[in-house]
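Peer 1: Please work out how this folds:
(2 chains)
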Amino acid sequence: MPSTHTFAAALIAAFMLFAPQAMAQDADADARGTTPESQKGYDIAARSDRTDAGFSDSVSKLQMVLRNAAGAESSRELTISTLEKESEQVGDRSLVVFHTPKDVEGTALLSHAKILEPDDQWLFLPALKRVKRISSANKSGPFVGSEFAFEDFTATELNKYTYKYVGEEACGDLTCDVVERYPRYENSGYTKQVGWSDQTDFQLRKVEFYDRKGDLLKTLTISDYRKYGTVWRGHKLEMVNHQTKKETDLLYGEYAFKTGLEAKDFEKGVLKRIR
Amino acid sequence: MAAGKRSGFGIAAALAAVLGAAAPAAAGEWDISGSLGFEGRFFLGDPKFPGQFEGHQPSMLVEPDIRWETGDGNHQFVLLPFFRLDSRDDERTHMDLREAYWRGIFGDYEVLLGLHKVFWGVTESRHLVDVINQTDAVEDVDEEDKLGQPMLKLTTIQDWGTVTLFAMSGFRDRTFPGPKGRLRVHPYIDDETSEFDNPNRHGSVDVAARYANYFGDWDVGVSVFHGISREPRLRLAPTADRLIPVYDTITQAGVDIQYTKDAWLWKLEAIGREGQGNPFGAAVAGFEYTLYQILDRSWDLGLLAEYLYDGRDDFELSAPGDVSDAAPTAFENDVFAGTRLALNDSQDTALLAGAIVDAETGSTAVLIEGERRLGDSWFVEMETRLFLAVDEEDALTAFEDDDFVTLRLTRHF
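Peer 2: Numbers count the residues shown, from 1 in each chain, chains lettered A, B, ... in the order given. Coordinates of the predicted model:
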């Protein structure tokens, strides 16, 4: 009979690095659009995207804090390793390993991101020693009970959206460009996102997510930016769901870059080494 | 304790010596955790066979988890003992080393020596290709609990796939409930008196190989095993008061395939086995389809169905001293249907319900499970199994009065 352990497959699915997705891509004519507003929006997003080029690989430990409407908290600890894509034709590879809660310790998710097709994803369930290929169709579903949807992690590729420049606005001490983006991929839970990226370091500071009915669903605030060489990383990501009043914080520890990870460290076969 | 007669502990001792020698060599990292479980198994009906206990079966589980690895992660030492203390069935009170191994990673190659657990396969209702580890059948009837298997395992992970070679010694006897236990056949199986066609059961070496890779949306595994079957045939003792496990040397080839498309997982496992009665084939094929965010909530509903076929010889025992032609199975021609509900909340609440129905006799095994985390460190599980409309000819007939509910509370530390 099926074991309840396979439930974890449904609970722990896609988790890609939430960081500006790597590198400058060839401008996709469809993503760039035709109007001056859409082209300016695309160019601002592309400029932000390019600041991340050449990070090579990264490893970071983070804490995920879930807060319900009453303010009760629970937390999860995980390590994310990411390998920058080798070329424009393939996506990044990432490996997420859970440390807590203790009952899911060693559970791991391997993702091979694609540009247009669905990602390839495998889940490792340590109690059963089982590696299971899972569906990546669940774009708008919550990730491990959090307010982050799968697509909030995976759909950060520049060409997955069309854009519209809205204007500029003060954001803290900085000035931000405000750009709307519209998902081009299937199964998105959003009709629209509005992003604020600053004009100094070109980093994303805030994103608003609008649901399928067009109502404001969530706001993401990214802060505690630190610079590693030429690459920026936000270390505090706060997602607030305005409809459920639930919140999720992602608190990243220090990143390690260029750790020597290679494509073969992200093969399906390595999952069984984890625990 | 039933552990004394089990083999493989010599390897564990050797491993402990290796661990002792290597530990001071490099700055490494310890990871010590574990769990403590309290379980109540409640049988709903009176026992079918004389000598079996009635009612409630309280027990306790202890599973320490001790790991040490070198700073670079290339050498891992793992020790996972397992203890169950059962108040009603002496045979269920037992210990095991689920894992006790050293793993060395050398670039694309990996060596593992010690007791280890391996899983192969893709289907949910039955695990046909998964032949490396012996089933700890006294734990549960679902064949999901496994004993640690002593092995030398060599693995290479390449971009063209993963190849694994196994050499295994120190055969582990399958565990079975004792005469007082529920969920047993009648007469009970006496695992102290096993018979082997191989006169050198402890010294014999089982070998296995597996290739696994994925091609786009297809995940494929091919495996072969030659050695002592983990599944025994049964002999009715000349005194007719017990059954004796009879272990044959078999060769088994298996294939497991999964095709993943949108919200669909299509699965197939198939084996051919030779050396245990007439050569035969068996297969499980089916799908898993998930409806995401049903009822406008974060809930996911999975729908599962599988067909099970097994072409082995009929199980028959008539006179004392007889040996059955095949190992018993309940899955000659069966259909599994199930559903799985995941609430995607911070407590990972999940429910599973399913049934396996024999297409010929209608005999049905029902499973209902639920689980939820409490706080950060506690986990509560419920498992219910019902045996309905069981035909006298079906292998499930021995369990027909053994419907039960298990409640388990586990503290992780």
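Peer 1: from memory residue B:248 sits against residue B:230, does it?
Peer 2: No. The pair residue B:248 and residue B:230 fails to qualify as a contact (CB atoms under 8 Å) at a distance of 10.7 Å. C-betas here are computed from N, CA, C, even on glycine.
Peer 1: who's more crowded, these two?
Peer 2: residue B:230 (25 against 20; other CB atoms under 10 Å in any protein chain shown).
Peer 1: Is the more buried one part of a helix or strand, or is it coil?
Peer 2: For residue B:230, the assignment made with DSSP: H, G, I helix; E, B strand; the rest coil gives coil.
Peer 1: ok, it touching residue B:130?
Peer 2: No. Residue B:230 is not in contact with residue B:130 according to CB under 8 Å; the separation is 9.4 Å.
Peer 1: So residue A:126 versus residue A:109, what's the distance?
Peer 2: Distance, residue A:126 to residue A:109, by CB to CB, to the nearest Å: 12 Å.
Peer 1: From the structure, what's the count of residues near residue B:368?
Peer 2: 15.
Peer 1: OK, contacts around it?
Peer 2: B:351-353, B:382-384, B:386 (CB atoms under 8 Å, 6 or more residues apart in numbering or on different chains).
Peer 1: For chain A, tell me which of the residues you listed show up nearby.
Peer 2: Counting by CB under 8 Å from any CB of the partner chain, B:352, B:383 from these sit close to chain A.
Peer 1: who wins for neighbours among the contacts of residue B:368?
Peer 2: residue B:352 (24 neighbours).
Peer 1: Against residue B:339, how distant is that residue?
Peer 2: For residue B:352, the distance to residue B:339 - CB to CB - is 7 Å.
Peer 1: near chain A, which residues of the stretch 1-150 of chain B show up?
Peer 2: B:33, B:35, B:76, B:103, B:105, B:108, B:110, B:117-119, B:121-122, B:124-125, B:142, B:144.
Peer 1: bridging residues for residue A:233?
Peer 2: Going by DSSP bridges, residue A:233 is paired in beta bridges with residue A:226.
Peer 1: give me the element residue B:369 is part of.
Peer 2: strand B:364-374 (DSSP states H and E).
Peer 1: Give the other helices and strands that the helix or strand following that strand contacts.
Peer 2: Sequence-wise, the next helix or strand downstream of strand B:364-374 (DSSP H and E) is strand B:378-388. Counting contacts by 3 or more CB pairs under 8 Å, 6 or more residues apart in numbering or on different chains; DSSP states H and E, strand B:378-388 packs against strand B:364-374, strand B:404-412.
Peer 1: Tell me how far strand B:378-388 lies from the chain's centre.
Peer 2: Relative to its parent chain, strand B:378-388 has a centroid offset of 17 Å by CA atoms, centre = their mean, to the nearest Å.
Peer 1: And for stretch B:282-292?
Peer 2: In terms of CA atoms, centre = their mean, the centre of stretch B:282-292 is set 20 Å apart from its chain centre.
Peer 1: Which positions in the stretch 51-200 of chain A make contact with chain B?
Peer 2: A:66, A:68, A:74-75, A:100-105, A:118, A:120, A:128-135, A:137-138, A:140-142, A:144-146.
Peer 1: Mind checking which of the residues you listed are in strands?
Peer 2: Among those, the residues falling in strands (DSSP state E) are A:66, A:74-75, A:100, A:120, A:130-134.
Peer 1: Looking at the stretch 151-275 of chain A, which residue is nearest chain B?
Peer 2: With CB to the nearest CB as the measure, residue A:269 is the residue of the stretch 151-275 of chain A nearest to chain B, at 3.5 Å.
Peer 1: helix, strand or coil for that residue?
Peer 2: helix.
Peer 1: Let me see the contact set for residue B:152.
Peer 2: Applying CB under 8 Å, 6+ apart, the residues near residue B:152 are B:111-113, B:166-168.
Peer 1: which element is it on?
Peer 2: Short version: residue B:152 belongs to strand B:149-158, going by DSSP H and E.
Peer 1: could you point out which element follows that strand?
Peer 2: Using DSSP H and E, the helix or strand that follows strand B:149-158 in sequence is strand B:161-168.
Peer 1: tell me which residues in that next one are buried?
Peer 2: Within strand B:161-168, the residues that qualify as buried are B:161-164, B:166, B:168, counting by 16 or more other CB atoms under 10 Å in any protein chain shown.
Peer 1: what's the closest of those residues to chain A?
Peer 2: Nearest to chain A among these, with distances taken as CB to the nearest CB, is residue B:162, at 3.5 Å.
Peer 1: residues in contact with the closest residue to the closest one other than its chain neighbours?
Peer 2: Closest residue in space to residue B:162, ignoring its immediate chain neighbours: residue A:269 at 3.5 Å, by CB to CB, 6 or more residues apart in numbering or on different chains. Taking CB under 8 Å, 6+ apart, we find residue A:269 in contact with B:155, B:157, B:161-162, B:212.
Peer 1: Over to residue B:411?
Peer 2: By CB under 8 Å, 6+ apart, residue B:411 lies in contact with B:35-37, B:377-378.
Peer 1: what's the most distant pair in the residues you listed?
Peer 2: B:37 and B:377 (12.4 Å; CB to CB).
Peer 1: Check what pLDDT the residue nearest to residue B:162 gets.
Peer 2: In the prediction, the pLDDT value recorded for residue A:269 is 90.
Peer 1: How much space separates it from residue B:102?
Peer 2: From residue A:269 to residue B:102 the distance is 19 Å (CB to CB).
Peer 1: swap in residue A:173?
Peer 2: Taken as CB to CB, the span from residue A:173 to residue B:102 is 55 Å.
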